[in-house]
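Asks: 3D model of this:
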Amino acid sequence: MADYSVKSKKELPLMSRTEVIVEVKHTGAANPPYSVISKELANLLKADQKVIVIKHVYPKFGEGRSEVIAYVYKDEASMLKFEPKKKEKKTATADAPAATPAEAKKGA
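Replies: Take a look at the predicted model:
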């Protein structure tokens, strides 16, 4: 189990978001996946998981910890306004089940 602690929080009112830097201690284990980090940040910050965007995960090699930079938006509309569509597509495909190659050929 990883331990999460907030290192800094910065309000960005013009963009309707809060920038959060979190330290994740995961000694003896691999970096947690983005989905787990997002869920844990939602619990830690008491925010909806839909409005949390993880920008970077910087692992500290050999130390068993990582630094996570994430944005917590006020609402989903402001998140859609500022976040690129490419990132939106990447997270949607990560949540959806993968299609088999035969299904992909039929759709093309």
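Asks: and residue 81, which of the three is it?
Replies: helix (DSSP: H, G, I helix; E, B strand; the rest coil).
Asks: how close does residue 59 sit to residue 10?
Replies: 22 Å (CB to CB, to the nearest Å). Every residue, glycine included, has its C-beta placed from N, CA and C.
Asks: quick one: stretch 51-58 to chain centroid distance?
Replies: 4 Å (CA atoms, centre = their mean, to the nearest Å).
Asks: would you list every one of the strands in this protein?
Replies: 3-12, 17-25, 52-60, 65-73 (DSSP state E).
Asks: Same list (those strands) but as JSON lines, adding mean neighbour count.
Replies: JSON lines is the format used below for the strands of the chain (neighbours: other CB atoms under 10 Å):
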{"stretch": "strand 3-12", "mean neighbour count": "11"}
{"stretch": "strand 17-25", "mean neighbour count": "19"}
{"stretch": "strand 52-60", "mean neighbour count": "15"}
{"stretch": "strand 65-73", "mean neighbour count": "19"}
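Asks: quick check: mean pLDDT across stretch 34-45?
Replies: The pLDDT scores in stretch 34-45 average 91.
Asks: Show me what the residue nearest the centre of the chain is bridged to.
Replies: Against the mean C-alpha coordinate of the chain, by CA atoms, centre = their mean, the closest residue is residue 54 at 3.0 Å. Note on residue 54: beta-bridge partners residue 70, judged by DSSP bridges.
Asks: ok, it touching residue 37?
Replies: Yes - using CB atoms under 8 Å, residue 54 is in contact with residue 37, at 5.9 Å.
Asks: any common contacting residues for the two?
Replies: Contact with both residue 54 and residue 37 is made by residues 68, 70, according to CB atoms under 8 Å, 6 or more residues apart in numbering.
Asks: Below-threshold pLDDT in this protein: ranges please.
Replies: In the predicted model of the chain, residues 1, 86-108 satisfy pLDDT under 70.
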